[in-house]
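>>> predicted structure and sequence below. I'll ask about it afterward.
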Amino acid sequence: MDRLLHLDRTLDELDPPRWGPPAAAATPLVRTVHALRGVRLGALGPADLRMLVAQRVALPHVLPLAVRLLLEEPLLDARFYEGDLLLTVVGVPDPVWVLLPDLSARLRAVITTLPEDAVADLPRGAAEELARFAAGHEPLRRT
């Protein structure tokens, strides 16, 4: 988790090249993601991290922050429902996790300790996706 040492820096600084301003006709999502690249990593909240992970933006810098939250509270409600950040994170393709094997292992360990009834309360297919991630396979869906 040495990437956490850069909490005072932004994604535009850590993940070049800097993004210019979004196009005038850009969607609210694109505008938000562009804006988040200019926020110090330490100021990104759970919903921001969920959005950046879902959009596959600077994952080597963003995933450690998201996993750090999930290690403390695996079923964190980042914006939409309990466990939404976790399901977004486990939806990241396996090749990205190869760059972060320690985080992957720690997250897999946490997933295996989740209570069965809590997993059952997650959206349809979530239990299978969590099991697949814990076993080290490609995710079933993208978020």
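In hand now; what should we look at? Numbers count the residues shown, from 1 in each chain.
>>> what is the one helix or strand Ala134 maps to packed up against?
Secondary structure from DSSP states H and E places Ala134 in helix 126-135. For helix 126-135, the contact count by 3 or more C-beta pairs under 8 Å, 6 or more residues apart in numbering; DSSP states H and E identifies helix 84-90, helix 101-112, helix 116-120 as packing neighbours. Yep, even glycine has a C-beta here, placed from its N, CA and C like the rest.
>>> report the angle between it and helix 101-112.
Angular relation of helix 126-135 and helix 101-112 on a 0 to 180 degree scale: 140 degrees, by axes from the mean of the first three to the mean of the last three C-alpha atoms, to 10 degrees.
>>> restrict helix 126-135 to CA atoms and write it as PDB.
Backbone C-alpha positions of helix 126-135 (Å, rounded to 0.1, in the frame of the first residue of the first chain) are rendered in PDB as follows:
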ATOM      1  CA  ALA A 126     -23.200 -10.800  -6.300                       C
ATOM      2  CA  ALA A 127     -22.500 -13.900  -4.300                       C
ATOM      3  CA  GLU A 128     -21.200 -15.700  -7.400                       C
ATOM      4  CA  GLU A 129     -19.100 -12.700  -8.400                       C
ATOM      5  CA  LEU A 130     -17.600 -12.500  -4.900                       C
ATOM      6  CA  ALA A 131     -16.900 -16.300  -4.900                       C
ATOM      7  CA  ARG A 132     -15.300 -16.000  -8.300                       C
ATOM      8  CA  PHE A 133     -13.000 -13.200  -7.200                       C
ATOM      9  CA  ALA A 134     -12.100 -15.000  -4.000                       C
ATOM     10  CA  ALA A 135     -11.200 -18.000  -6.100                       C
END
